[in-house]
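[1] give the three-dimensional model of this entry:
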Amino acid sequence: MIEFLEAIRDFTETGGQVLLVIGLLIFVMWLLILERAMYLMVWHKQAKKEAIAMWTARA
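    Modelled structure (predicted):
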């Protein structure tokens, strides 16, 4: 495990600040992907039901 962490440290030292920025952007990207997946699996169903109920109630 220590060798793995040392390899990561050496890699980031070689790449400099750019790798840290890229890593941060990848982390934010995955947060946005997970948020969108949660929305589609959880909250979208309720919003869809409410929209359909409002649409059918207008007649």
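[2] output the below-cut-off pLDDT ranges for this structure.
    Within the chain, no range satisfies pLDDT under 70.
[3] any idea which residue sits dead centre in it?
    Centrality entry for the chain: nearest residue to the mean C-alpha point is residue 31, 2.2 Å, by Cα atoms, centre = their mean.
[4] distance of that one relative to residue 48?
    Shown here: residue 31 relative to residue 48, a distance of 24 Å by Cβ to Cβ, to the nearest Å. Using the backbone N, CA and C atoms, a C-beta is placed for each residue, glycine as well.
[5] and what of residue 24?
    34 Å.
[6] now do residue 32
    Taking Cβ to Cβ, one finds residue 32 at 21 Å from residue 48.
[7] swap in residue 40?
    10 Å.
[8] check residue 41 too.
    Taken as Cβ to Cβ, the span from residue 41 to residue 48 is 12 Å.
[9] and residue 28, by the same measure?
    Here the distance between residue 28 and residue 48 works out to 28 Å (Cβ to Cβ).
[10] next one: residue 20
    Using Cβ to Cβ, residue 20 is found at 40 Å from residue 48.
[11] now for residue 59: which residues touch it?
    With contact set as Cβ atoms under 8 Å, 6 or more residues apart in numbering, residue 59 has no partners.
[12] quick one, phi/psi of residue 16?
    Main-chain torsions, residue 16, degrees, to the nearest 10: phi 80, psi -160.
[13] how many other residues sit next to it?
    Applying the criterion other Cβ atoms under 10 Å, we find 9 residues in the vicinity of residue 16.
[14] can you tell me how far it is from residue 22?
    Counting by Cβ to Cβ, the gap between residue 16 and residue 22 amounts to 11 Å.
[15] just residue 9 next, same as before
    If you go by Cβ to Cβ, the gap between residue 9 and residue 22 works out to 16 Å.
[16] beyond the longest helix anywhere in the chain, next helix or strand please.
    If each helix of the chain is counted by residues according to DSSP state H, the longest one is helix 17-38. Along the chain past helix 17-38, the next helix or strand (assigned with DSSP states H and E) turns out to be helix 44-57.
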